[in-house]
Each structure stands twice: as C-alpha cells, then as structure tokens.
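Peer 1: Take this sequence and fold it.
(chains A and B)
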Amino acid sequence: MAVVPRELILQTRGLTRRFGGLVAVNDVDLSLHDGEIRALIGPNGAGKTTLINVLSGLMPASAGDIWFRSDRATLDGELITAWPAARRARGGIARTMQVTAICPSLTVLENVWLGAQRSQGRPPALVSRERMRGVAERSRECLELAGIAARADEPAGSIGHGDQRLLEIAIALALGPRVLLLDEPTAGMSVKESWEIVTRLREIRDRDRLTLLIVEHDMEIVMQLAERITVLHLGQTLAEGTPDEVARNADVQRVYLGGR
Amino acid sequence: MKAGLLLLALLVLPAGLNRFGRFFAAEIFTWALYAMGFNICFGMAGMLSFGHAAFFASGAYGATFAILHVARDPWLALAAAVVAATALAIMVGFFAVRVVSHSFVIITITFSLVLLLLAHSQKDVTGGDDGLLFPPLALFAGAGPSLATPLVTYYVALAVLVLGYVLLRRLSRSPLGLVFQAVRDSERRATLTGYDVQRYRWLAFVLSGGVAGLAGGVYAITHAQVNAQLFDITVSVDAVIWTLIGGAGSVLGPAVGAALVLAFTHAVSHWIVYTQIPVGILLILIVIFWPRGLSGLWPSSRAS
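Peer 2: Reported below is the predicted structural model:
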C-alpha cells in the first residue's frame, strides 16, 4: 500500500511501455485529481493511446506502477499494475476505444445491460434477464445520459458512427466507474456532435463526480472542456497545468501548438 | 407458442409412424440434441469446434460403463454421460480456449483425433470398432417397459431433447448467455465491460460438451451398444453441417438442420450411394444464399 495523497484518485510512477527498441511511454508520473477533467494532448506518436492502454490494462506496463483509489473512504491507493483489463473495468476504471468497440449483433440496450449487470458485482447467472429490473433501469438511465435512449432496441451494429461512440460512453457509465478514460471521443464526428458530447461529458462528471481523462485533438474542445492538461511528447510528460498555463508554455508552443 | 405447438405435434406423431419410423425419429432427436449442444460453443460463444464427437462419444461410453459396471439404470447412465463429457470438456477446454479461430479449430481436431486413436488402440476397454454391447435396459432400473420398444425409445429421446431445449433456451435468455454472445461479438468490448473472456469461453465450451455428452448418453441407452466409431471426425463435422444448414443464430436451428439432413439422407439413400454430395450442395447453397441458415428465414427468430 502506498500513501497516495487524498485528493488523488489515480497515480502513476515511472510508468513505461516499450515496443522493442521504441519507448512509447517513457517514465511518466501522472496524478489525476478526484473529480477533475484532464485532457491528454500531444503530437501524433506522443504515446497518448499507449498510455491509455496501459492505464486500462489492455497492455502491460514494461516498468513503473499504477495506484488507484477505488473507494473514497480508504486512505491508501491500491497497486493495480498487475490487474488484468477486465478487473480494472469492474474495479472502477472504464474506457472507450479510439476505434469503436461494441458488440454489433446485440442491441444497444443489451450492450449497456452487460455493463450494468457487472456493476452490481454479481457474476452472470442462469436467471431470466427480464427479472433483473434494477439492471434494466440502470441501463436505461445510462442510455438517457448518453442521449441514445431512442436507439435502445436496435442492433448496435446498425446505428450511426456517432451513436456508437455515445454507446461506448453509455456502457462505460453503466459500469459505475470512478475514472473514465476516453480515447478521442469526438473522432469522426461532426462539429455539432462533438460539442454535444462535450456538454454531455461535463453533465456526467458533475452528476456522478467522475474523473475524466480525455485524449483529444481538437484544441478548441480541449481548452473548453479540460480543467487541467497534460502534454505528452515522445512518450514523456512535457508540461502539465491549467489550459492557460499550458497555452503559454514555451516548450509546448515549440513542439505542438506553434507548428513546426 | 411456436415451440409448444411443435412439442404437441411430436407428442402425437408416433401414432402415425411405424416401428422403424419411431426408432428413426428417436435417432433424429438424439442427434438434434447433440447439434444444439454443439451450438452453445459455436453459435453463442463463436468458437468453431471440430472435436465435438469426443464429447458425444465420451458421453456414450460414460453411460455404457455405468450400465456395465454400476447399475442397469438408464437415468443413472445419462448422469454418468454428462459427468464424463463435462470432465473431458473441462480438460480439453482448459487448453483450447487459450487460442482463437484457426488455432482453435486445429486444437479441437487434434484432441479429437488423439481420443479416436486411443479408443481404437484400447480395444479391451472400448471394444474398438466392434464396440460394447449390453442387453436392452428397462425404463426404471430393472422395472418398467424395455428401452428396445420403439415407442419407449421415442419418448425417452424426446423427453431428454425437450429437457435440453428448455435448458438451452433459458441459457440463451440469461445474463450468462448474453455474456457468451458478447465474447463472440467483440472480445475487446467484453473485456472492457469487465468480463474475463477466457473464463467465459471455457464455461461455454464445458456446457457445450456436457450437452453433447448427454446426447451421447441417449444414444447409448437407446442403442444398447457403443463403438469407437463415435469418436470419428465425421461425427464432429456433422454437427457443423447441421448447424450451418439449420442456422446457428437460434436455439432450435441446429436441431432443425439435424432433422432435415438425417431425413433427407435417409430418403435419398435408396437412389444415391454418396449422400454427402447432395448434402454438400445444399450446404453450399445455404451458406451463400441464406447465411443465417433455414431458421434465419423465420421472421420472428431472434439471434439466441
């Protein structure tokens, strides 16, 4: 058990991920405050998605550690570096993918239903699904939050791309997470859809006091949505601070904002 | 409703069948149950197994050993069949579910071939191609009508088929069934939704093997004999063909496929020696034109 400062929910120390000779994430110390909206930005190949993959457990870390405070009441964070992805999802770290990952032949509601039933902490049994009213209610609620309740009974593979992205968010919410990792939630969406997502994400955070870590390319959205920004460059943390601080940072301007 | 009418029809059907027809219908019920069991693995959880003969055969042998060495009780024999096949599926599944797609196909074939060779080589245990025989059983451990009576055979096979169907339908509508489908649809999504994919693959594989073994048990008690041929890969391939023809997307699809192909094969066997040829052509046509199988043509049938 490590003593993680009380206001922190997720913390990494020396987190590193290598692919052969390439160090995609290099000695990153990241501290997420409970309830904040954090943007993770950086040029292509900076290691943003790799960092999210390591945080969500889809990829093991090559070195370093991850602590997570799954319960507000406890003082100490839990060391979750060795937890497999499914356990992290159950334990309170949910994520969405850059390339949408849904179950196309299940309905929209069924996709969310699986997350809602997981959040109740019971393994799936041989009972009738109709009887599990609580799970169905929670699923509906998450679909409402994501704004796709009207699509509930359609096969998830048949709804539009934007709705599929929202579905992923709904599934993640159904898990009842404390930290939500969003890998380019607005990728491939229209400007209008993107701003809708921004509004919804802020609503969701305010409602459930979630912590959001968002990889995003659109600087306008980042500046609007994020309370703090972490800038990655060549796998390392280049800068961190409020949007204003980051925008004024000379290093950041040099490698990222000011062009080449 | 649909299933209720079908059951009613099957309950009165023997009145219109002769001695052979009743035996043949029981044969169809047995293989239909086997195909439905196979489809837990294939249709629900998305794992194409070419080794399910091993579970059918181990069920048949499990039942036979119980009859020969424990008691001449058909119901105990069925329980032994499920236990034997489930135990085998736990072992095979432990290795098989670690890989997917082509590798999974190969590993299931390999296990099945090893067991076939074993069954042939251990002739003093399995009886080899000659098999093991026992006098026909009575319905209730030594009492009641003989299982060699066509009508009794018919209703016993039907009863177990209905039991299997009820269980599978329940599974398909349960949270567990939904998880199997999620694992089939997107391994990544299932993982990110908090499900340990390999564990659920294994569970689906074991349940599937158990039901296939139950069908093997029915085969044993209704035929009063088993042989090593049951381990043959053709038995595994049959399950795949029947399921593709009948439709993997519903609980009854594979049973429909089994019934259709067996009835068709029997009907044309007077004129055609190689019945695999017309069945193969039918399979190709269905895969091309109705990829969801015959049951997919039924408008109300929802993916199980």
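
Peer 1: show me what contacts residue A:98?
Peer 2: Taking C-beta atoms under 8 Å, 6 or more residues apart in numbering or on different chains as the contact definition, residue A:98 lies against A:49, A:183, A:184, A:187, A:215. All C-beta atoms are positioned from the backbone trio N, CA, C, and that covers glycine.

Peer 1: Let me know the closest of the residues you listed to chain B.
Peer 2: When the contacts of residue A:98 are ranked by distance to chain B (C-beta to the nearest C-beta), residue A:183 comes first, at 11.2 Å.

Peer 1: Please identify the buried residues of stretch A:93-111?
Peer 2: Applying a neighbour-count criterion of 16 or more other C-beta atoms under 10 Å in any protein chain shown, one finds A:93-98, A:100-103, A:105-111 buried in stretch A:93-111.

Peer 1: To clarify, my last question referred to stretch A:54-66.
Peer 2: Applying a neighbour-count criterion of 16+ other C-beta under 10 Å, one finds A:54, A:55, A:56, A:57, A:58, A:59, A:61, A:64, A:65, A:66 buried in stretch A:54-66.

Peer 1: ok, residues contacting it?
Peer 2: By C-beta under 8 Å, 6+ apart, stretch A:54-66 touches A:2, A:10-18, A:25, A:27-28, A:50, A:53, A:79-81, A:83-89, A:93, A:95, A:181, A:213, B:188, B:191-192.

Peer 1: List the ones among those residues that fall in helices.
Peer 2: The helices, defined by DSSP state H, take in A:50, A:53, A:85, A:86, A:87, A:88, A:89, B:188, B:191, B:192 from the contacts of stretch A:54-66.

Peer 1: Give me the nearest residue to the fifth one, chain neighbours excluded.
Peer 2: It stands for residue A:87. Spatial nearest neighbour of residue A:87, chain neighbours left out: residue A:57 (7.3 Å); criterion: C-beta to C-beta, 6 or more residues apart in numbering or on different chains.

Peer 1: Where does confidence bottom out across the contacts of residue A:98?
Peer 2: Of all the contacts of residue A:98, residue A:187 carries the smallest pLDDT score, 87.

Peer 1: right, is the strand or helix carrying residue B:203 up against chain A?
Peer 2: In this assignment (DSSP states H and E), residue B:203 forms part of helix B:197-223. Yes: counting by C-beta under 8 Å from any C-beta of the partner chain, chain A has neighbours in helix B:197-223: residue B:197.

Peer 1: how near is the closest residue in space to residue A:226 that isn't next to it in sequence to residue A:230?
Peer 2: Closest residue to residue A:226 apart from its sequence neighbours, by C-beta to C-beta, 6+ apart: residue A:39 at 3.5 Å. Per C-beta to C-beta, to the nearest Å, residue A:39 is found 7 Å from residue A:230.

Peer 1: just to revisit the earlier point, average model confidence for the helix holding residue B:203?
Peer 2: Mean pLDDT, computed over helix B:197-223, is 97.

Peer 1: tell me which strands and helices it is in contact with?
Peer 2: The contact analysis (3 or more C-beta pairs under 8 Å, 6 or more residues apart in numbering or on different chains; DSSP states H and E) places helix B:197-223 against helix B:19-39, helix B:53-69, helix B:74-96, helix B:150-172, helix B:175-185, helix B:187-192.

Peer 1: want to throw the ones you listed into JSON lines with distance to residue B:122, mean pLDDT and mean neighbour count?
Peer 2: Conversion of the helices and strands packed on helix B:197-223 to JSON lines gives the following (distance: least, C-beta to C-beta, whole Å; pLDDT from 0 to 100; neighbours: other C-beta atoms under 10 Å in any protein chain shown):
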{"stretch": "helix B:19-39", "distance to residue B:122": "23", "mean pLDDT": "97", "mean neighbour count": "24"}
{"stretch": "helix B:53-69", "distance to residue B:122": "11", "mean pLDDT": "97", "mean neighbour count": "27"}
{"stretch": "helix B:74-96", "distance to residue B:122": "15", "mean pLDDT": "97", "mean neighbour count": "22"}
{"stretch": "helix B:150-172", "distance to residue B:122": "28", "mean pLDDT": "96", "mean neighbour count": "19"}
{"stretch": "helix B:175-185", "distance to residue B:122": "35", "mean pLDDT": "96", "mean neighbour count": "24"}
{"stretch": "helix B:187-192", "distance to residue B:122": "38", "mean pLDDT": "96", "mean neighbour count": "22"}
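
Peer 1: Ok, which of the ones you listed comes nearest residue B:221?
Peer 2: Proximity to residue B:221, assessed across the helices and strands packed on helix B:197-223 by C-beta to C-beta, is greatest for helix B:74-96 (4.3 Å).

Peer 1: What helices and strands are in contact with the next helix or strand after that closest one?
Peer 2: Following helix B:74-96 in sequence order, the next helix or strand is helix B:101-121 (DSSP H and E). Applying 3+ C-beta pairs under 8 Å, 6+ apart, we find helix B:101-121 packed against helix B:53-69, helix B:74-96, helix B:233-246.

Peer 1: re earlier: most widely separated two among the contacts of residue A:98?
Peer 2: A:49 and A:187 (11.1 Å).

Peer 1: got the residues of the stretch 1-150 of chain A near chain B?
Peer 2: A:56, A:58, A:84-87, A:89-90, A:94-95, A:97, A:101-106, A:110-111, A:113-115, A:117-118, A:124-130, A:132.

Peer 1: please redo it, this time with the cut-off set to 7 Å
Peer 2: A:85-86, A:89-90, A:95, A:101-106, A:110, A:113-115, A:117-118, A:124-129 (C-beta under 7 Å from any C-beta of the partner chain).

Peer 1: just to revisit the earlier point, if you count neighbours, what's buried in the helix holding residue B:203?
Peer 2: Neighbour counts over helix B:197-223 (16+ other C-beta under 10 Å) mark B:197-198, B:200-223 as buried.

Peer 1: Beyond it, next helix or strand please.
Peer 2: strand B:225-226.

Peer 1: residues touching the closest residue to residue B:265 other than its chain neighbours, list them.
Peer 2: In space, and not counting its chain neighbours, residue B:265 is closest to residue B:275: 4.5 Å by C-beta to C-beta, 6+ apart. Neighbour list for residue B:275: B:265, B:268, B:269 [criterion: C-beta atoms under 7 Å, 6 or more residues apart in numbering or on different chains].

Peer 1: Buried ones among those?
Peer 2: Buried members of those, counted by 16+ other C-beta under 10 Å: none.

Peer 1: among those, which are in helices?
Peer 2: When DSSP H defines the helices, the subset of the contacts of residue B:275 inside them is B:265, B:268.
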